[in-house]
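Participant: Any chance you could fold what I've pasted below:
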Amino acid sequence: YSVAMAALAREGSWEQALLLLEEMTSAVRGLRPSAVAISACVAACASARDWERSLSWLREASHRSLLSAASLGASLAAMSTVRAWRRALTLLKEPSFRAEKSLLGCTASIRACGTPESWKWSLCLLASLLHSRVDLDLASLQSGIQSCGLGAPWRLALRVASSCGLQGSAEVWSAIVWASESTQNPMAA
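Facilitator: Okay, the predicted model is just below:
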């Protein structure tokens, strides 16, 4: 079941993946879903941008002690696609999910905070990753830098990149230019 559900989730057939999980756990079959099966359902819902259902399955995984960093990351990614940044931040603070925080989950939350109302939270998450000595990936750094273009002076984006020692990367410069062009006072040519 788990392999089939994961394949359906990758194909974007989230409704079929959920039906398969329901069949698996029905009274007739009586099977207990694995962490892989529930993670596949969370990912399937996330690919459909249905963060509410994704969150429901995430809570189910936590209840059954089957929570994984991949499940949390998928649910947070679903929230980032619809800019549900308040919910993403709340989820990261919940005790049942704290142990499963990962770079993937934090990056998804940084993306979720990529709005004019929440760009400061994006930088706070980026700073917490730096403080925890996690090896940042380019995606989290780019998302954090781009959030500067939503409300901060563009020079802050440059300082963020500089503090990470990655200002020489083409991807980082692209994010800095985007942040600059998005602000009221873009950098001089």
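
Participant: where does the chain have low pLDDT?
Facilitator: 27-30, 96-102, 133-134, 152-154, 164-168, 183-189 (pLDDT under 70).

Participant: Helix, strand, or coil at the spatially most central residue of the chain?
Facilitator: Centroid-nearest residue in the chain: residue 108, 1.9 Å away (criterion: CA atoms, centre = their mean). The three-state assignment at residue 108 reads helix, by DSSP: H, G, I helix; E, B strand; the rest coil.

Participant: what about the residue nearest to it when sequence neighbours are not counted, neighbour count?
Facilitator: The spatially closest residue to residue 108, leaving aside those adjacent along the chain, is residue 76, at 3.6 Å (CB to CB, 6 or more residues apart in numbering). (C-beta placed from N, C-alpha, C; glycine too.) Other residues lying near residue 76 total 32 when counted by other CB atoms under 10 Å.

Participant: One more: residue 163?
Facilitator: 12.

Participant: Could you report the distance from the spatially closest residue to it that is not a sequence neighbour to residue 141?
Facilitator: Closest residue to residue 163 apart from its sequence neighbours, by CB to CB, 6+ apart: residue 130 at 7.3 Å. Between residue 130 and residue 141 the computed distance is 10 Å (CB to CB, to the nearest Å).

Participant: out of these two, which sits in the busier spot?
Facilitator: residue 141 (23 against 16).

Participant: Correct me if wrong: the more buried one contacts residue 172.
Facilitator: Yes. Under the criterion of CB atoms under 8 Å, residue 141 makes contact with residue 172 at 6.3 Å.
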